[in-house]
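Peer 1: Everything below, folded, please.
(chains A and B)
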Amino acid sequence: DTGVSQDPRHKITKRGQNVTFRCDPISEHNRLYWYRQTLGQGPEFLTYFQNEAQLEKSRLLSDRFSAERPKGSFSTLEIQRTEQGDSAMYLCASSSETGGLDRQPQHFGDGTRLSIL
Amino acid sequence: KQEVTQIPAALSVPEGENLVLNCSFTDSAIYNLQWFRQDPGKGLTSLLLIQSSQREQTSGRLNASLDKSSGRSTLYIAASQPGDSATYLCAVKGGSEKLVFGKGMKLTVNP
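Peer 2: Predicted coordinates:
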């Protein structure tokens, strides 16, 4: 169990640029989640995948955001035409279905911190 | 809409004290509740998960209880240590897959 891995750890970019983050879940986990956390707040849900299917999206996920999980393995989160308000920590989590849906914790990576200049 | 509240937002205690962290939620229709720890600049570490059918869970010096009907959970930390200093978050899972988080409680344990 190597844990959830996110890359890069930090990203600094100018307003208007596109950015892409990657998440590698724990290998046997078929569920993958993206959250966003701003300073002093708890994480807010963005989207959820079961295998390669994106099953739930938050209203926070505007048209500038897109997430994919090809082949049900790693996932990418892309933000187009970044804005100042996109500055945040983007967290990825994964979980399994073993034993029932209410028994499995979500395990989080260390996140990607995005700073918009 | 589910709302999760953690009060107080920060707590500073001397080493060795037994602590109670509080979490309340507005909608009792939950599947589970998770407690997490977050160190500065890091992701979340899962501490305990309590299913909706359970009353409490224990791991080492940590004990979490759940009173679903009243919308409350507590995290008890025994014999606090400086290494326990971190932000503690609770989150509930309702009818969808997402977790709804509180804002967290920043704990400082002074040597």
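Peer 1: which stretches of chain A aren't confidently modelled?
Peer 2: Along chain A, the model assigns pLDDT under 70 to residues A:1, A:99, A:101.
Peer 1: Mind checking which residue lies nearest the centre of it?
Peer 2: Centroid-nearest residue in chain A, with CA atoms, centre = their mean: A:W34, separated by 2.8 Å.
Peer 1: how far is the helix or strand hosting that one from where the chain is centred?
Peer 2: Element membership of A:W34, judged by DSSP states H and E, is strand A:31-37. Relative to the chain's own centre, strand A:31-37 is displaced by 4 Å; criterion: CA atoms, centre = their mean, to the nearest Å.
Peer 1: Near chain A, which residues of chain B? Just list them.
Peer 2: Within chain B, the positions near chain A by CB under 8 Å from any CB of the partner chain are B:4, B:31-32, B:34, B:36, B:41-46, B:49, B:51-52, B:89, B:91, B:93, B:96-104. In this view, the C-beta of every residue, glycine as well, is placed from N, C-alpha and C.
Peer 1: returning to what we had before: quick one: strands adjacent to the strand holding A:W34?
Peer 2: The strands that strand A:31-37 pairs with in its sheet are strand A:44-50 (antiparallel), strand A:88-95 (antiparallel) (by DSSP bridges).
Peer 1: Show me what it is in contact with.
Peer 2: Applying CB atoms under 8 Å, 6 or more residues apart in numbering or on different chains, the contact partners of strand A:31-37 are A:23, A:25, A:43-50, A:60, A:67, A:69, A:75, A:77, A:88-97, A:106, A:108, A:111, B:97-99.
Peer 1: Enumerate every residue touching A:I79.
Peer 2: For A:I79, the contact set (CB under 8 Å, 6+ apart) comprises A:18-20, A:64-65, A:86, A:114.
Peer 1: Return only those of those residues found close to chain B.
Peer 2: By CB under 8 Å from any CB, no member of the contacts of A:I79 lies near chain B.
Peer 1: still on that earlier bit, okay, the residue nearest to the centre of chain A and A:Q6: tell me how far apart.
Peer 2: 10 Å (CB to CB, to the nearest Å).
Peer 1: what do the two both touch?
Peer 2: Any residue near both A:W34 and A:Q6 by CB under 8 Å, 6+ apart counts here, and that gives A:23, A:90-92.
Peer 1: how about JSON lines for these, with neighbour count added?
Peer 2: Shown next, in JSON lines, are the shared contacts of A:W34 and A:Q6 (neighbours: other CB atoms under 10 Å in any protein chain shown):
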{"residue": "A:C23", "neighbour count": "26"}
{"residue": "A:Y90", "neighbour count": "23"}
{"residue": "A:L91", "neighbour count": "25"}
{"residue": "A:C92", "neighbour count": "29"}
